[in-house]
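Asker: Here is my input, please return the structure:
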Amino acid sequence: MTTKKIISTEQSPSAIGPYSQANQFGDMIFTSGQIPLNPETMEIVEGGVAEQTEQVMKNLFAVLEAAGATGETVVKTTCFIKDMNDFVAFNEVYGKYFATLAPARSCVEVARLPKDVLVEVEAVAFVASK
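Answerer: I've put the predicted structure just below:
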């Protein structure tokens, strides 16, 4: 029987509520949404959507790495942005992290995100067989 495993790393911000950074079930990894918090200070990074997206992706990839996954094993992301006018700037940064084997993706504009950040990204990935 497969059981759920909690994934946690100090390389990404600790949870700010009753949730895990990620869960593993079998070979599948389900991350929580990552926001642009510096994992060392737990403060929102300064700057606009590009700078915030860069931190979000660093946080997301740290969680994926802790789970034994990579950008190439991400099969789906869900992206939340505060303003769809920031879509191009968001995509420029996001695209650097998925230059090959881009996952399926949803990207939606939302009224508000935790701590009033501009962007949040969550992912579903798998752990490659060894």
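Asker: now the helices for the chain?
Answerer: Secondary structure of the chain (DSSP state H): helices at 49-67, 87-97.
Asker: I'd assumed Ile81 was in contact with Phe90.
Answerer: Yes: judged on Cβ atoms under 8 Å, Phe90 makes contact with Ile81 at a distance of 5.6 Å. Any C-beta I mention is one placed from the backbone N, CA and C, and that applies to glycine too.
Asker: Give the intersection of the neighbour lists for these two.
Answerer: Common neighbours of Phe90 and Ile81, counting by Cβ atoms under 8 Å, 6 or more residues apart in numbering, are 49, 107, 119.
Asker: Can you lay out those as CSV showing neighbour count, distance to Asp27 and pLDDT?
Answerer: Listed next are those as CSV, based on neighbours: other Cβ atoms under 10 Å; distance: Cβ to Cβ, whole Å; pLDDT from 0 to 100:
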residue, neighbour count, distance to Asp27, pLDDT
Val49, 23, 33, 98
Cys107, 16, 26, 98
Val119, 31, 28, 98
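Asker: low-confidence ranges in the protein?
Answerer: For the chain, the stretches with pLDDT under 70 are 1, 129-130.
Asker: which residue is nearest the middle of it?
Answerer: For the chain, the residue sitting closest to the mean C-alpha position, by Cα atoms, centre = their mean, is Leu60 at 3.5 Å.
Asker: I'd say that residue and Gln34 touch.
Answerer: Yes: between Leu60 and Gln34 there is a contact under Cβ under 8 Å: 4.5 Å.
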